[in-house]
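In: A structural model of the following input is requested.
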Amino acid sequence: KTGEIRALTIDLNFATGATSDMGMGPLHAHLMCGALDQVYAIENVMLTCAVKRTHTATCTSVRAPGHFEAVLLIETVMDYVADNLGLAPELVREANLKPHYQFMATQNLGGGGVVQPGGVHGNTLVPLWNKIMKQTKYWERKKKVEQFNASNKWRKRGLAITPAKYGMWRTGGQAAKLDILGDGSVQIGTSGIEMGQGLHTKMGQAALGVLNKELKVNIPLDRVKFVAQNTHIYPHGSLTGGST
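Out: Here you go, the predicted structure:
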C-alpha cells in the first residue's frame, strides 16, 4: 500500500546495431546494471541482460553510458508502481529511498571499486529530500498544478522531483612527464586525452600548485604547454572517462 518494492525482476535486451563495440556491448550493459539501484533500497533484484546485434546502424556510447538507461529504467518502475496503486509518484520514491547505512560507496551491482565498505555514513539523501520538499512547498505547489489542469482543457502544467546518484571510483595512478624549460615555461605530457573536460587545465593547475610553492616562483598557467599523447612515452594508460 505504501509503494515499497520488496522484489524486482528485469529482463533486458541491448540492441547494439550491426556490430557490437565495447561501448554498446558488455561494458555498457555492465555499467547500466551497476547503476540500476540508484538511490532506492530494493532487497531482492534479479536482472538479466543480453546484448543483441540488429540490422541497424551500429550504436556507440556518449556521456554517462549505462547510467542514463539505468535512471530511465528504475524511474519507470517507480512510476509504474505509483500508477497501479493510485499513489503519487513522489510517495513511492520516498518509500524506497535508501537509509544511510545501506548506501554503499560503489556501484553496488557492479562497476567501480568499493571506496568505503560498510556504507557511507553521514549520507544526506533522506534529510536533503525532506528539506527540498519543505523549502519548495512542493505539495502546495503540486495541488495548484492539479487545480490548473482540472480547469484547463488544452493547457497543462506539471511538477516532479526525482532523486539520483552517480557512481564514483578511483583508478590507479597514470603516467605523466613534466619538463621545466630554460625559458621558464613548463611542458607536460600525460596518458590522458583532453576532450573538452578540462584535463589539461586541471593538470596544469596541480603542477603549478606544487612548483610555485616549492620553487617560490609564480609561473602563470599560460606558460604551461601540453605535448601530444604518445604511447611510446606514456604506455599502459587507462581509459579517459568519467569526467577525468
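In: Report the mean confidence score over the helix or strand that contains Val71.
Out: Val71 belongs to helix 67-85 when assigned by DSSP states H and E. Averaged across helix 67-85, the pLDDT comes to 93.
In: name the helices or strands packed onto that helix?
Out: Applying 3 or more C-beta pairs under 8 Å, 6 or more residues apart in numbering; DSSP states H and E, one finds that helix 67-85 contacts strand 7-17, helix 26-35, helix 89-95. Using the backbone N, CA and C atoms, a C-beta is placed for each residue, glycine as well.
In: Out of those, the one nearest Thr201 is which?
Out: helix 26-35 (26.5 Å; C-beta to C-beta).
In: Got the domain ranges for this protein?
Out: With domains defined by automatic domain parsing, the chain comprises 7-151, 172-244.
In: What's the end-to-end length of the first one?
Out: The straight-line separation of the ends of domain 7-151 (C-alpha to C-alpha, to the nearest Å) is 39 Å.
In: Out of the helices and strands in the protein, which is least certain?
Out: When each helix and strand of the chain is scored by mean pLDDT, DSSP states H and E, helix 26-35 comes last, with a mean of 76.
In: Can you tell me which of the helices and strands packed on helix 67-85 is nearest to Gln135?
Out: Short answer: helix 89-95, nearest of these by C-beta to C-beta, at 15.0 Å.
In: list the contacts for the most centrally placed residue in the chain?
Out: Closest to where the C-alpha atoms of the chain average out (C-alpha atoms, centre = their mean) is Tyr166, at 3.2 Å. Tyr166 is in contact with 35, 64, 67, counting by C-beta atoms under 8 Å, 6 or more residues apart in numbering.
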